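> Sequence and computational prediction follow.
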Amino acid sequence: MAIDTRSDTWKDVSGWAKARLAKARSALESDATEHEQTLALRAQIKLLKSLLELPSAAPTKTESEVAFGIEPP
């Protein structure tokens, strides 16, 4: 299933993710960030980047398509 990047929903999701990504990057660059917090921020950044890359990701098959050998349209 493809993501409609022109939809209001995706615009809201991507806007939220971009704002969180900027905040996480800023916190990561801070000298006051502890090592454990750095690890958590790096994981959060990786997750947010993955979310933003979803529209360009290859489509995956559903469980039914795999189980029954159905090819998506």
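Arrived safely.

> Would you mind finding the longest helix in the protein?
helix 8-29 (DSSP state H).

> Convert it to CSV, retaining C-alpha atoms only.
The C-alpha coordinates for helix 8-29 follow below in CSV (Å, rounded to 0.1, in the frame of the first residue of the first chain):
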residue,chain,number,x,y,z
ASP,A,8,-3.4,16.0,5.0
THR,A,9,-2.6,13.1,7.2
TRP,A,10,0.8,12.5,5.8
LYS,A,11,1.6,16.2,5.9
ASP,A,12,0.7,16.2,9.6
VAL,A,13,2.7,13.1,10.3
SER,A,14,5.8,14.3,8.4
GLY,A,15,5.6,17.8,9.9
TRP,A,16,5.5,16.2,13.4
ALA,A,17,8.4,13.9,12.6
LYS,A,18,10.5,16.7,11.1
ALA,A,19,9.9,18.8,14.2
ARG,A,20,10.8,15.9,16.5
LEU,A,21,13.9,15.1,14.4
ALA,A,22,15.2,18.7,14.6
LYS,A,23,14.6,18.7,18.4
ALA,A,24,16.4,15.4,18.8
ARG,A,25,19.4,16.5,16.6
SER,A,26,19.6,19.7,18.7
ALA,A,27,19.6,17.8,21.9
LEU,A,28,22.2,15.3,20.5
GLU,A,29,24.6,18.2,19.7
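
> tell me which residues in that helix are buried?
Neighbour-count burial for helix 8-29 flags Ser14, Ala17, Leu21, Ala24, Ala27 (criterion: 16 or more other Cβ atoms under 10 Å). In this view, the C-beta of every residue, glycine as well, is placed from N, C-alpha and C.

> For the first one, give me its contacts.
Okay, so that is Ser14. Shown in contact with Ser14 (Cβ atoms under 8 Å, 6 or more residues apart in numbering): Thr5, Leu52.
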